[in-house]
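Participant: model the structure of this input:
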Amino acid sequence: MPHCCAVYGCHTSKKKSNEHISFHRFPKEVNERNKWRIAVRRKGWKPTDSSRICSIHFKDEDYIEGLQRRVLTPGAIPSIFPSFPPHLQRVENKRRVLVRNNIQKLGLQNNETSNKCQRSSIPLIMPPYKPPPSKPITETEHNYSYPNDINILKNRCNMLKETLEKMITQNKQLKIKVKWRDSKIKKLNNNLENWIKKNVLSIETISNLKRMKNNIKNRKIK
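Facilitator: Here you go, the predicted model:
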């Protein structure tokens, strides 16, 4: 199928063109495709898969060098349009002139800046380096670690205080139990002596009472 150039006013076709003219498909990437579509200057037109632009509209630097066939570099956009009417040509020329003038102005500004830099007196020998005086470490610089230590000590003191209070309470309870045990043993001894003197109890009962007294005496107090 012969291809025709999609650029406005260009009548180049693959059937009529010579060997030096190649045809290039529109990019698939949306942004690049839109740039090509705007460049062809066809109002309300959208490219299709069969749309092509001939090599007349590209610069030499738009092609990858060293290849047998013409392959465009990534990002290349058609920029040469000899078939455009004069008013469009003038617009293109004005744009190129403005761009050229801006480039020249930037070049002059860069030259002036470089000249100023060259004229400025820069000492070749740097003064000897003097390290800043070491700042003495003061007590206030270490206060950041104190709050944590104080909290730890407070917690330990509280734990020790609670443990001490428990031990004091347990000691009081043990004293009460020991006092009650001693009182019971004393009372039992008195009764036993009285019963022995009066011969009220039998030998077996006396033995049982003595055994009971020893059990009470040897019992562990909890």
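Participant: what about residue 195, how many residues nearby?
Facilitator: Around residue 195 there are 14 other residues, counting by other C-beta atoms under 10 Å. Yep, even glycine has a C-beta here, placed from its N, CA and C like the rest.
Participant: how far away is it from residue 213?
Facilitator: Distance, residue 195 to residue 213, using C-beta to C-beta, to the nearest Å: 13 Å.
Participant: next: residue 38.
Facilitator: According to C-beta to C-beta, residue 38 stands 120 Å off from residue 213.
Participant: what pLDDT, on average, does stretch 29-39 get?
Facilitator: pLDDT averaged over stretch 29-39 equals 93, rounded to a whole number.
Participant: buried ones in it?
Facilitator: For stretch 29-39, burial by neighbour count (16 or more other C-beta atoms under 10 Å) applies to 35, 36, 37, 39.
Participant: now do the strands in the protein.
Facilitator: Assignment of strands within the chain using DSSP state E yields the ranges 23-25, 52-54.
Participant: would you list these in TSV and tack on mean neighbour count and distance to residue 14?
Facilitator: Shown next, in TSV, are these (neighbours: other C-beta atoms under 10 Å; distance: least, C-beta to C-beta, whole Å):
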stretch	mean neighbour count	distance to residue 14
strand 23-25	18	6
strand 52-54	22	8
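Participant: closest to residue 5 out of those?
Facilitator: Each of those was checked against residue 5 via C-beta to C-beta, and the shortest separation belongs to strand 52-54, namely 4.2 Å.
Participant: domains for the protein, by residue range?
Facilitator: Listed domain ranges for the chain are 1-81, 85-117, 170-222 (source: automatic domain parsing).
Participant: can you pull out the low-pLDDT segments for the protein?
Facilitator: Counting by pLDDT under 70, the chain contains low-confidence residues at 1-2, 15-19, 89-147, 200-201, 217, 220-222.
Participant: which one's the longest helix in it?
Facilitator: For the chain, the helix reaching the highest residue count under DSSP state H is reported as helix 146-197.
Participant: now the helices for the chain?
Facilitator: Under the criterion DSSP H, the chain carries helices at the ranges 30-39, 86-119, 146-197, 203-218.
Participant: may I see the buried residues of stretch 54-69?
Facilitator: If you call a residue buried by 16+ other C-beta under 10 Å, then stretch 54-69 has these buried ones: 54, 55, 56, 57, 58, 62, 63.
Participant: as CSV, the residues you listed with distance to residue 73 would be great.
Facilitator: Conversion of the buried residues of stretch 54-69 to CSV gives the following (distance: C-beta to C-beta, whole Å):
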residue, distance to residue 73
54, 17
55, 13
56, 17
57, 15
58, 10
62, 6
63, 7
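Participant: of those, closest to residue 171?
Facilitator: When these are compared for distance to residue 171, the smallest value, 101.6 Å, is given by residue 62; criterion: C-beta to C-beta.
Participant: if I look at that closest one, how far off is residue 148?
Facilitator: Note on residue 62: its distance to residue 148, by C-beta to C-beta, is 69 Å.
Participant: what do you get for residue 218?
Facilitator: Counting by C-beta to C-beta, the gap between residue 218 and residue 148 amounts to 52 Å.
Participant: please apply the same query to residue 193.
Facilitator: For residue 193, the distance to residue 148 (C-beta to C-beta) stands at 68 Å.
Participant: no further questions, thank you.
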